[in-house]
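Chemist: Below is the sequence, then the predicted model.
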Amino acid sequence: MIKDIIEYVDIPDMKPLLKSLFDEHCGVDGRTFGNCPIEAYQLGPSPSKAHAGFIKEFKPITDILDRVSVSDPLVSGFDYFTNPKHGLPHHIDCPNNLKAYNLIIPVFGTVTCDFWEGDYNELEYKGHGSTHYKMFKDTYDTKNLVKMGSILIDKPVLIDTDYIHNVIPVDVPRLAWLTRFSDLDKEYTFKEIKEIVEEKLSWLPCSSDHLPGCYYKEYPKELLQDKFSSEILYAVTIDYGNIGNIPEHTDIPPNSDFANAVSHVIPLEGGMTIHTGGKSTKVEVGSTHMLDIYKISHSATVLNGTKCIHVITK
């Protein structure tokens with residue numbers, strides 16, 4: 001890493017989701033640019049309107065990433081490198097307003113990203129209506145550049161793209177998702193935005209139909225060992241947001257290990273009332289409620305802003 005310029009970020013594995021989106025929607029209608037001949041599949045339409053964009057198709061990933069800030073549709077999407085000789089030349093990316101950052105999530109393959117000191121006065125706008133990025137003038141000799149450092153992008157990274165950088169394919173084909181956070185609400189330092197990215201993206205959308213708009217993240221089971229004498233199979237924190245009501249349902253065990261398991265609800269913020277068989281139980285912060293979610297039909301009324309730890313034991 002190069003501190004405060006490009007650093008690895010600790011976020012959940014999104015490769016399966018990204019791979020499925022690419023396989024389903026990409027392979028045709030990709031964009032290629034003359035000065036960087038790679039395939040790009042971006043959210044928004046191209047400036048010429050020749051490509052319609054994939055804002056609807058890629059919604060499953062932007063629903064996650066936009067918890068940080070809205071992904072810039074002009075730039076955000078898949079970059080697909082297939083030729084080891086075709087990378088990205090020296091350039092800087094230009095923000096729409098305040099300082100912007102790029103998040104890159106590799107799916108397969110690798111590249112290196114090199115950073116350089118050079119004459120920024122020799123950069124000029126190129127591409128996307130001359131507002132998207134700057135590259136060196138044709139008269140500039142890049143041998144004058146001084147290398148600051150290099151990083152192998154084999155896991156997610158956050159980049160301050162105000163610095164001159166280029167990209168060299170290492171292992172092709174290489175596929176990665178790039179999101180550009182260019183409409184932040186204020187100017188953040190690298191340390192600040194990295195902390196926001198890691199916190200916001202540690203939460204993933206719940207896949208259950210009865211939890212729309214809710215997010216979860218794994219809770220360390222070792223922190224719960226003293227609270228439960230039985231084996232802990234699974235522990236997560238769920239952010240219920242403004243769901244209000246959870247409809248009546250019976251959960252389906254993911255596999256045979258969960259056949260005789262029970263759930264424990266531990267509110268951290270807010271609270272909920274759980275309804276089972278005509279009985280209602282108020283579950284508040286500081287309390288724990290046990291429920292056989294795989295055998296008993298249940299619903300809930302949830303206070304806005306509620307967050308709960310859910311522990312499955314057997």
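Modeler: Done, it's in. Numbers count the residues shown, from 1 in each chain.
Chemist: any weak-confidence spans in the stretch 101-250 of the chain?
Modeler: 127-130 (pLDDT under 70).
Chemist: got the residue ranges for the strands in it?
Modeler: Ranges of strands in the stretch 101-250 of the chain, per DSSP state E, counting those that start in this stretch, are 101-117, 123-126, 133-136, 146-153, 157-159, 164-181, 204-205, 215-218, 232-239, 245-249.
Chemist: mind listing what's buried in the longest one?
Modeler: Which is strand 164-181. If you call a residue buried by 16 or more other Cβ atoms under 10 Å, then strand 164-181 has these buried ones: 164-170, 172, 174-181. For every residue, glycine as well, the C-beta is placed using N, CA and C.
Chemist: which of those residues sit farthest apart?
Modeler: Val172 and Phe181 (27.0 Å; Cβ to Cβ).
Chemist: which ones are touching the most centrally placed residue in the chain?
Modeler: For the chain, the residue nearest the mean C-alpha position is Leu65 (4.0 Å; Cα atoms, centre = their mean). Going by Cβ atoms under 8 Å, 6 or more residues apart in numbering, Leu65 touches 71, 76, 103, 179, 201.
Chemist: Tell me which residues touch the residue nearest to Cys214 when sequence neighbours are not counted, please.
Modeler: Using Cβ to Cβ, 6 or more residues apart in numbering and skipping residues adjacent in sequence, the residue nearest Cys214 is Cys206, 4.4 Å away. Taking Cβ under 8 Å, 6+ apart, we find Cys206 in contact with 212, 214-216, 238.
Chemist: pLDDT at Thr82, what is it?
Modeler: Thr82 carries a pLDDT value of 87.
Chemist: any idea how far it lies from Gly53?
Modeler: 21 Å (Cβ to Cβ, to the nearest Å).
Chemist: was I right about Glu284 contacting Ile266?
Modeler: No. Glu284 sits out of contact with Ile266 when judged by Cβ atoms under 8 Å, with a separation of 10.4 Å.
Chemist: who has more neighbours, these two?
Modeler: Neighbours per residue (other Cβ atoms under 10 Å) separate Glu284 from Ile266, with Ile266 holding more: 20 against 12.
Chemist: so who does that one touch?
Modeler: Ile266 neighbours (Cβ under 8 Å, 6+ apart): 287-288, 308-311.
Chemist: want to throw those into JSON lines with secondary structure, neighbour count and distance to Pro220?
Modeler: Shown next, in JSON lines, are the contacts of Ile266 (DSSP: H, G, I helix; E, B strand; the rest coil; neighbours: other Cβ atoms under 10 Å; distance: Cβ to Cβ, whole Å):
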{"residue": "Ser287", "secondary structure": "coil", "neighbour count": "12", "distance to Pro220": "21"}
{"residue": "Thr288", "secondary structure": "coil", "neighbour count": "13", "distance to Pro220": "17"}
{"residue": "Cys308", "secondary structure": "strand", "neighbour count": "24", "distance to Pro220": "16"}
{"residue": "Ile309", "secondary structure": "strand", "neighbour count": "18", "distance to Pro220": "10"}
{"residue": "His310", "secondary structure": "strand", "neighbour count": "17", "distance to Pro220": "14"}
{"residue": "Val311", "secondary structure": "strand", "neighbour count": "24", "distance to Pro220": "11"}
